[in-house]
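**Student:** Mind folding the following:
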Amino acid sequence: MRKPVPSAKVPAAGEGRRGPEGHIAYLLRQAAGAQRLRMERTLADLDVTPAQFVILTLLKAYPGISNADLARLALLTPQTVSVIVVNIEKRGLVGRLRHAVHGRIQHLVITPAGEGLLAKCRERVDALEAALVAGLDAAQERVVRHWLVTLALNGAEGPRG
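**Tutor:** Numbers count the residues shown, from 1 in each chain. Next up, the predicted model:
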């Protein structure tokens with residue numbers, strides 16, 4: 001019979017390898033997960049998920065965008081976006097308009113109800129985003145923003161070798 005192996009204490013965020021000495025990719029994932037959880041909690045009583053918030057935000061910013069482009073911008077699969085769109089369409093938050101030339105093509109648009117709900121969500125998410133940069137001066141915030149964009153651009157190009 002084997003002796004039971006004592007389980008290691010899992011460190012809290014900020015401790016051990018989950019702190020400043022940890023792998024930077026893990027720290028980025030940890031921070032993104034914490035922000036996603038904050039968004040889930042702050043939008044829950046509005047019955048909006050972070051992914052629905054992103055879709056509504058993108059539809060407001062890019063009216064008439066295709067589902068494929070919506071998926072690319074939202075960093076979601078087309079199948080996931082289709083499910084999200086169906087769900088928010090049932091709630092009257094988005095609608096479909098026929099293309100002016102190609103009648104079979106439909107464009108997604110945010111409805112007035114969707115814009116109203118998005119405004120409430122945006123207010124809450126803006127507060128979360130302000131908390132993300134609290135304590136940074138303008139120059140530090142620019143560096144962080146530039147770094148994040150650079151990471152995204154490098155990821156879009158694929159691995160270098």
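
**Student:** How are the helices of the chain distributed by residue range?
**Tutor:** 24-43, 50-61, 67-74, 78-90, 112-133, 138-157 (DSSP state H).

**Student:** Tell me which of the ones you listed lies nearest to residue 17.
**Tutor:** Between residue 17 and the helices of the chain, the shortest gap by C-beta to C-beta is with helix 24-43, which sits at 7.5 Å. Where C-beta positions appear, they are placed from N, C-alpha and C, glycine not excepted.

**Student:** if we can go back for a sec, from the helices of the chain, which stretch is densest packed?
**Tutor:** helix 50-61 (a mean of 20; mean count of other C-beta atoms under 10 Å).

**Student:** ok and that helix relative to helix 67-74, angle-wise?
**Tutor:** Following axes from the mean of the first three to the mean of the last three C-alpha atoms, to 10 degrees, one obtains 110 degrees for the angle between helix 50-61 and helix 67-74.

**Student:** can you list the residues that contact helix 50-61?
**Tutor:** Residues lying outside helix 50-61 but in contact with it, judged by C-beta atoms under 8 Å, 6 or more residues apart in numbering, are 36, 39-40, 43, 48, 65, 70, 73-74, 76, 80-81, 84-85, 87-88, 93-94, 108-110, 114-115, 117-118, 121-122, 125.

**Student:** what does stretch 63-76 give?
**Tutor:** When contacts are defined by C-beta under 8 Å, 6+ apart, stretch 63-76 is touched by residues 51, 54-55, 58-59, 62, 77-78, 80-82, 84-85, 97, 107-110.

**Student:** Low-confidence ranges, the protein, go.
**Tutor:** Using pLDDT under 70 as the threshold, the predicted model of the chain has low-confidence ranges 99-105, 156-161.

**Student:** can you rerun that using 90?
**Tutor:** Low-confidence regions of the chain, defined by pLDDT under 90, span residues 1-21, 63-68, 96-108, 152, 154-161.

**Student:** Residue 154 versus residue 122, what's the distance?
**Tutor:** 29 Å (C-beta to C-beta, to the nearest Å).
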